[in-house]
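J.: make a model of this:
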Amino acid sequence: MRAVQRRTGHEAARGAALSYPPPAGGGRNGAVENDSPGAERFISRSLASVPASGIRKFFDLLSTIDDVISLGVGEPDYVTPEPIRRAALESIEKGETHYTSNYGLLELREALSEEIESLYGVSYDPATEIVVTSGSSEAFDIALRSLIDDGDEVLCPDPSYVAYEPAVIMAKGRFRPVPTTAEHEFRLLAGDVSERVTEQTKALLFGYPANPTGATMDRASLEAVAEVAAANDLAVISDELYARLTYEGEHTCFSSIEGMRDRTILIGGFSKTYAMTGWRIGWLAAPAALAEAAMKVHQYVMMSAPTAAQYAALAALQHGESFVQEMLAEYDRRRRLMVDGLHAVGLPAFRPRGAFYAFPDIRPTGLDSTTFSERLLAEERVAVVPGSAFGACGEGFVRACYASGYEQIERALERIGRFVQRNR
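T.: Residues are numbered from 1 along each chain as shown. Prediction:
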């Protein structure tokens, strides 16, 4: 099999720098734009209440510092496999440049239906129960907007992916965090969910394997959460983007749990599994009524996902399994290096069983997570993300992504070790 191609460190750093807008006050190329005085008054109150990303400033800095080793970007260092790229090019050459169905290419939906049933034993009608989206982020955004009325509460683990809370707020919902802890490897506990349900609670949103912690949930733990969802008649949005990146045990699809299919919107994508972050292609699967509601939002916002990206995604499902297994084995090797290395330098971290993140405890240094991250970047030129960016329960931890090359991780650990030694 042809080896999976990886990006160079320079390309990865450049991608990170270009992933974020220019600093506040700067327009294109950093120029100050001549906005009308008081233009802020036109911004909606709901958008103004959305918190700024706790990640952005670190990636603004990356482009200004030389020799940075980034463990911050949640992106594979691999290039999309060649057969997938070729399928997109061939679709363009054949003139497949028009809109697809709002639901997405039928061939892709059929392949997704077969994949979900093969892996998890859950059946979805490709004609009416699967929607192809522009990334999994659009999938959970339209899922929320199709479910939530003004003031409805959405429960979500803390810490969790940075986009969940803004998406809830922009859907006019109320974000209610459910604390998780390192002692329980940041798993969502059913009792903690139950304690936070109120009359206004409409939905539960979570993602396992988890960003930023790498935590996974076994079937018994998910079944306990499912009982809470059923008892309180909650809709569930299960973001399973990292499902194929599971290293120990088997991934449990939430909608495969008895009684959950009819109340669950299942979300997945291609970005992490097939190294397709730039293609912006994802999907959701749900009962027909919920899928149609989400599609209604999708059709007015996006019309359809990019056609060439859909053909690439189809090729990924048809021809990408060997690449997935190769990348998974390499991520596992890096995972062990990262966790063992963090322990060796005095930063305890539980062994993540999914995704490609470690979430080490930096409290032995006496620094809060933002100060730790800022000083590590300034003094040792290693970029990590402060845990507080992902919620209050992330304070005292940082996210370190092991999707970087093995040698880069080795060098980063040396630098982190020096930094920790100075701050113990």
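
J.: tally of neighbours for E248?
T.: For E248, the tally of surrounding residues (other C-beta atoms under 10 Å) stands at 11. Quick note: C-beta positions are derived from backbone N, CA and C, even for glycine.

J.: specify the local secondary structure of V236.
T.: Three-state secondary structure (criterion: DSSP: H, G, I helix; E, B strand; the rest coil) places V236 in strand.

J.: which residues does it contact?
T.: Contacts were defined as C-beta atoms under 8 Å, 6 or more residues apart in numbering; by that measure V236 touches A203, L204, L205, A226, A229, F254, M260, R263, T264, I265.

J.: please apply the same query to R415.
T.: I69, L376, E380, R381, V382.

J.: need the contact list for the residue lying closest to the first one once chain neighbours are set aside.
T.: Which is I69. Counting by C-beta to C-beta, 6 or more residues apart in numbering, A412 is the residue found nearest to I69 once chain neighbours are left out, at 4.5 Å. Listed by C-beta under 8 Å, 6+ apart, the contact set of A412 reads I69, L71, V382, A400, S404.

J.: quickly list what the fourth one is bridged to.
T.: Same thing as A400. A358 (DSSP bridges).

J.: who does A235 form a beta bridge with?
T.: A203.

J.: need the pLDDT of it.
T.: For A235, the pLDDT comes out at 99.

J.: what about the stretch 151-300 of the chain, any weak spots by pLDDT?
T.: With pLDDT under 70 as the threshold, the stretch 151-300 of the chain has no low-confidence stretch at all.

J.: A helix includes S118, no?
T.: Yes: residue assignment for S118, taken from three-state DSSP, places it within a helix.

J.: distance of it from P126?
T.: According to C-beta to C-beta, to the nearest Å, S118 stands 14 Å off from P126.

J.: quick one on the thing from earlier: and the contacts of A412, which is closest to A329?
T.: In terms of C-beta to C-beta, no member of the contacts of A412 lies closer to A329 than S404, at 16.1 Å.

J.: quick check: chain neighbours aside, which residue is closest to that closest one?
T.: If you skip the residues right next to it in sequence, S404 has D77 as its closest partner in space, 5.7 Å away by C-beta to C-beta, 6+ apart.

J.: can you list the helices and strands that whichever helix or strand A316 is part of packs against?
T.: Here A316 sits within helix 307-319, counting by DSSP states H and E. Of the remaining helices and strands, those touching helix 307-319 by 3 or more C-beta pairs under 8 Å, 6 or more residues apart in numbering; DSSP states H and E are helix 82-93, helix 106-120.

J.: ok, back up a step: between the contacts of A412, which sits nearest S113?
T.: Distances from S113 to the contacts of A412, taken by C-beta to C-beta, are shortest for S404, at 34.5 Å.
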